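Undergrad: Show me the folded form of this:
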Amino acid sequence: MKNPINQSTFKRRMREYQKRPASFVMFILVMLCACVTVLSFVFLVGYLLYKGIPNISWDLFALNYNSENVSLLPSLINTVTITFLALSVSGPTGIFAAIYLVEYAKKGNKLVKLMDLTSETLSGIPSIVYGLFGMLFFVVALDWGFSVLAGACTLAIMVLPLIMRTTQEALRSVPAEFREGAFGLGADKVRVIFKIVLPPAVPGILSGVILAVGRIVGETASLIYTAGTVAEIPESLFSSGRTLAVHMYALFNEGLYIEKAYATGVVLLVIVCAMNLLSNYVAKKLTR
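TA: Numbers count the residues shown, from 1 in each chain. A predicted model of the protein is given here:
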């Protein structure tokens, strides 16, 4: 039995499309773009899994890298280390800067406009420029050399605008009635922000953090100039080390381990998906 509600909705939309043909054209274009996006994603992921899964072996997870096993474990450890260090700097800085701009700064303040302009400008700078800056400042000027710390600080500066902008949008999406009701009950500013405003904004903030993690994990250009390409577990923060993305680039560039590079791509894909699922789970728990 057909649903009369769906039939009435379909007829109403068809009458709207007949009155406004441009709306129907836009609907077709939007659906076409959505299909192209989904098919491209499925093709890329499917091709990577097809080429990479057969080449995954236990040798890839050996503790030490050599020309026989081409182990990715040192690069995996470096990736986790650099991601943690970069988020430790950019996460709190970006979130608290966004809280100040949204909750404390006056509307129309010149400082707010300047910081918005600066963050938007930094978001559009190519990663290779960040790499050159990191090399000149952290590697040369501060004399850190090619190190994990230099790479992490460079990536922290690179993802800081992303975290700050997404946090701002998440805070602005919280209804003003929440704040007004809390102030009406006698709550102070700090309590309103951390008890009333931040909990509903957590999913949006975590979305920005997820995007930052994805950019950090997939970054190559800036890390080649700052962290180096040594395929070893660093002894300290001032030792050089490559991430998984740089490891893939090196394997493809050498041209001798193409199959191992595809296998590394599968591992990298699994790590990113696991981080996304974990972040979504945490966001749901915090929202409840």
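
Undergrad: Run through the helices of this structure in chain order.
TA: 4-19, 21-52, 73-99, 110-123, 127-134, 148-172, 176-184, 189-191, 198-217, 221-224, 244-254, 258-287 (DSSP state H).

Undergrad: Out of these, flag the one nearest Asp59.
TA: Asp59 lies closest to helix 258-287 among those, at 9.0 Å (C-beta to C-beta). For glycine as for every other residue, the C-beta is placed from the backbone atoms N, C-alpha and C.

Undergrad: Need the helices of the chain in a markdown table (columns: mean pLDDT, distance to Leu60 and mean neighbour count).
TA: Formatted as a markdown table, the helices of the chain follow (pLDDT from 0 to 100; distance: least, C-beta to C-beta, whole Å; neighbours: other C-beta atoms under 10 Å):
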| stretch | mean pLDDT | distance to Leu60 | mean neighbour count |
| --- | --- | --- | --- |
| helix 4-19 | 63 | 51 | 10 |
| helix 21-52 | 87 | 10 | 11 |
| helix 73-99 | 91 | 7 | 20 |
| helix 110-123 | 82 | 35 | 13 |
| helix 127-134 | 91 | 27 | 19 |
| helix 148-172 | 91 | 21 | 24 |
| helix 176-184 | 83 | 50 | 13 |
| helix 189-191 | 85 | 49 | 11 |
| helix 198-217 | 86 | 17 | 19 |
| helix 221-224 | 89 | 20 | 23 |
| helix 244-254 | 86 | 10 | 20 |
| helix 258-287 | 81 | 6 | 16 |
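
Undergrad: Can I get those in a markdown table including distance to Ala62?
TA: Shown next, in a markdown table, are the helices of the chain (distance: least, C-beta to C-beta, whole Å):
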| stretch | distance to Ala62 |
| --- | --- |
| helix 4-19 | 58 |
| helix 21-52 | 18 |
| helix 73-99 | 6 |
| helix 110-123 | 39 |
| helix 127-134 | 29 |
| helix 148-172 | 21 |
| helix 176-184 | 53 |
| helix 189-191 | 50 |
| helix 198-217 | 21 |
| helix 221-224 | 22 |
| helix 244-254 | 13 |
| helix 258-287 | 12 |
